[in-house]
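Asks: give me a model of this one.
(2 chains)
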Amino acid sequence: MVFITIVSCTKTQTIVEQPAAPKGNLNVQISHEIDGKALIFDSMLYHNKANNFYSISRVNYYISNVKLWGNGNNNYLFDSIMFIDASLKSIILNVSSVPVGNYQFISFNIGIDAARNIHNAIPNSPENISMLWPDVMGGGYHFLKLEGKYLDSLNNEKGIAIHIGLNSSLVYQNPIIKDINIAESKTTNLSLAMNLNEWFANPYTFNFDKDGNYTMGDSTAMNHIKNNGNDVFYAK
Amino acid sequence: MQSKFSTIGLFLSFSFVFSCGKTQTEIPVENNAYKPTPYTLQIPAGFPEYNVLSIANPLTVEGIALGKSFYFDPILSTNGRSCNSCHFKENSYSIPIYNAKNGFKISVPPHVNLAFKKNYNWTGSELDLDTLAMGDFAPEFFNSDSATLYAALSKHPFYKDAFYKAFLIKDIYTLNFKQLQKKIAYAISQYLRTKISVNSKYDQLQLGTARYTDEEWEGYNIFFTEKGDCFHCHQPPLFSDNDFHNNGVSATFEGFDAGRWLVTNNKADIGKFATPTLRNLNYTAPYMHDGRFKTLEEVVEFYNSGVNYSPTIDPISSKKAPSYQLNLSTQQKASLVAFLKTLTDDSYVK
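Replies: Purely as a prediction, here's the structure:
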């Protein structure tokens, strides 16, 4: 068991180690794309499967429970919650203390599991402070905030606020096929990309005009987005 | 210190790694057994716990005391001004309107819960609380004079001693003027980090020590649902999301109205301003970046019926375009105001 706390601002460091199997680390670099092209914020450049023209101004979400799948029972669960702000130039998830071995898949949740999807259950920072989901609307956290603008059928520019939260909207990212070799005391790199258009397609073609341009409080719309979210990531 | 990426590991592995990422040029100090007394900031439940302290400028009892003294003392200026000259306690350490030399008319944001912010001023022009006060030595504010300041501080019995107690600096003449300004700014920053306001009726409601009226509850429900949709930008417990938005208060952008663009030169930032905290609203009128609204009723009416379209308007403000109206009834608007008043911490200004 390894328990490490490094909070650099307070210079607190606690390390308690016991003999353990050899381990390495996995750095997962995350990027955001739309149909293979790097996301450009605040530009009305994109169209989804329903042919809505849209722009993106914000992509915030949580990734949790990263799991590496090996042969048989050789799986590794990194019990973690990570806040992602797609506007950052570099986003790297550090999956630490991974038992040495070969893994064939990686999966994770987009959102936070029910046990921790409770107001103030996870620590806040100045960066993730905007993710709370009001108690009066069910409580917990926004799992995903995807915001921007789109042109409606009358060519009006409208805001889009595709937000999902609540336990029923936890997105299980299907296992992504990728050979991942973890070597002792080494760091293996993996690149994953989110295709934002996948939130609006497969299996459900989400149309902002028909299905709504904001989803919070609309369980049907959130359910469509949740189901579409199962395969928004792919390995690069 | 401004990392937007956090990792929260629980169960078998638990790790927090935040990069404060600051490289500071430290001023040599004399070797001595005396050390300033570390101060532990008591962070209220639910407030951000990470990225709120500074490695370069750790809180100490003596540093905070020095900063508090500077905050209220005109000794830093040649014109009789102190920080307190534009940050009145009775206004939650803000000032209703400041007429800047460049012609900008600015409603000065209050000094409240600054430790938990990512950047400072309406446009986010300052990134670091530690050096926020550095700009105050300028002619427009303190009009500080190097020789005058060194002389005043070095012969002042309190400051000479306090500098040593806070920063182990026996002789301020060993510092150049920038270094001296920086240490003063550090002390003020330490004091500001301790200025936490968390005793409003809203906070008491969370603790179960206060009860809302029916009207306040109605306002609460408007605030925290899509009916009013205030919560997306004004998230508790800070009642700010630490971000920038164009809320539709202007249709065109002259001068200071250009907002965040003045800092980034990014067209997408035209008209965006830092989300102000709603805490202590009762004491911080007038409202918006330029103080155009005198009352909370005017603010609510603006969001209800006065939002303007512009290309950078926030998605949240333009969800219902081409209508930008909330369609609140007279009673609902009154209820929302009643709720907003529950965010006031009277003890903070007394």
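Asks: state which helix of chain B is the longest.
Replies: helix B:177-193 (DSSP state H).
Asks: can you name every helix or strand that that one contacts?
Replies: Under the contact criterion of 3 or more CB pairs under 8 Å, 6 or more residues apart in numbering or on different chains; DSSP states H and E, helix B:177-193 touches helix B:61-72, helix B:146-155, helix B:157-167. Backbone N, C-alpha and C define where each C-beta goes, glycine included.
Asks: chain center to the lengthiest helix in chain A, what's the gap?
Replies: What stands out as the longest helix in chain A, according to DSSP H, is helix A:219-228. Relative to its chain's centre, helix A:219-228 lies at 16 Å (CA atoms, centre = their mean, to the nearest Å).
Asks: what's the burial count for the closest residue to chain A within the stretch 51-200 of chain B?
Replies: Closest to chain A within the stretch 51-200 of chain B is B:Leu53: 4.1 Å, counting by CB to the nearest CB. Using other CB atoms under 10 Å in any protein chain shown, B:Leu53 is surrounded by 21 other residues.
Asks: let's verify it: helix, strand, or coil?
Replies: Following DSSP: H, G, I helix; E, B strand; the rest coil, the label given to B:Leu53 is coil.
Asks: for the residue positioned nearest the centre of chain B, give me its contacts.
Replies: Geometric centre of chain B, nearest residue: B:Leu114, 4.2 Å, by CA atoms, centre = their mean. B:Leu114 is in contact with B:Tyr120, B:Leu129, B:Leu132, B:Leu192, B:Arg193, B:Lys195, counting by CB atoms under 8 Å, 6 or more residues apart in numbering or on different chains.
Asks: which among these end up buried?
Replies: Neighbour counting with 16 or more other CB atoms under 10 Å in any protein chain shown marks B:Tyr120, B:Leu129, B:Leu132, B:Leu192, B:Arg193, B:Lys195 as buried within these.
Asks: which residue is the nearest non-sequential neighbour of the fifth one?
Replies: The shortest distance from B:Arg193 to any residue other than its chain neighbours is 4.2 Å, reached at B:Ala115 (CB to CB, 6 or more residues apart in numbering or on different chains).
Asks: any stretches of chain A with poor pLDDT?
Replies: Per-residue confidence for chain A (pLDDT under 70) gives these ranges: A:1-20.
Asks: which strand of it spans the most residues?
Replies: Taking DSSP state E as the criterion, chain A has its longest strand at strand A:53-70.
Asks: residues from the stretch 201-350 of chain B in reach of chain A?
Replies: Taking CB under 8 Å from any CB of the partner chain as the measure of proximity, the stretch 201-350 of chain B contacts chain A at B:220-221, B:224-226, B:231-233, B:235-236, B:238, B:240-243, B:268, B:309, B:311-322.
Asks: so A:Met44: helix, strand or coil?
Replies: coil.
Asks: let me see the contact set for the nearest residue to it once chain neighbours are set aside.
Replies: Ranked by CB to CB, 6+ apart and with sequence neighbours excluded, the top spatial neighbour of A:Met44 is A:Ser55, at 4.5 Å. Counting by CB under 8 Å, 6+ apart, A:Ser55 touches A:Phe41, A:Asp42, A:Ser43, A:Met44, A:Leu45, A:Tyr46, A:Gly148, A:Lys149, A:Tyr150.
Asks: and the closest residue to A:Ile91 other than its chain neighbours, what element?
Replies: Nearest residue to A:Ile91, sequence neighbours excluded (CB to CB, 6+ apart): A:Ile30, at 4.4 Å. Using DSSP states H and E, A:Ile30 sits in strand A:23-34.
Asks: just checking, what packs against that strand?
Replies: strand A:53-70, strand A:92-99, strand A:171-182, strand A:187-195.
Asks: residues touching the third one, excluding its own?
Replies: In this structure, residues lying in contact with strand A:171-182 by CB under 8 Å, 6+ apart are A:23-26, A:68-69, A:98-111, A:143-144, A:164, A:188, A:190, A:192, A:226, A:229-235.
Asks: quick check: the farthest pair among the contacts of A:Ser55?
Replies: Greatest spatial distance in the contacts of A:Ser55: A:Phe41 and A:Tyr150, 14.6 Å, computed using CB to CB.
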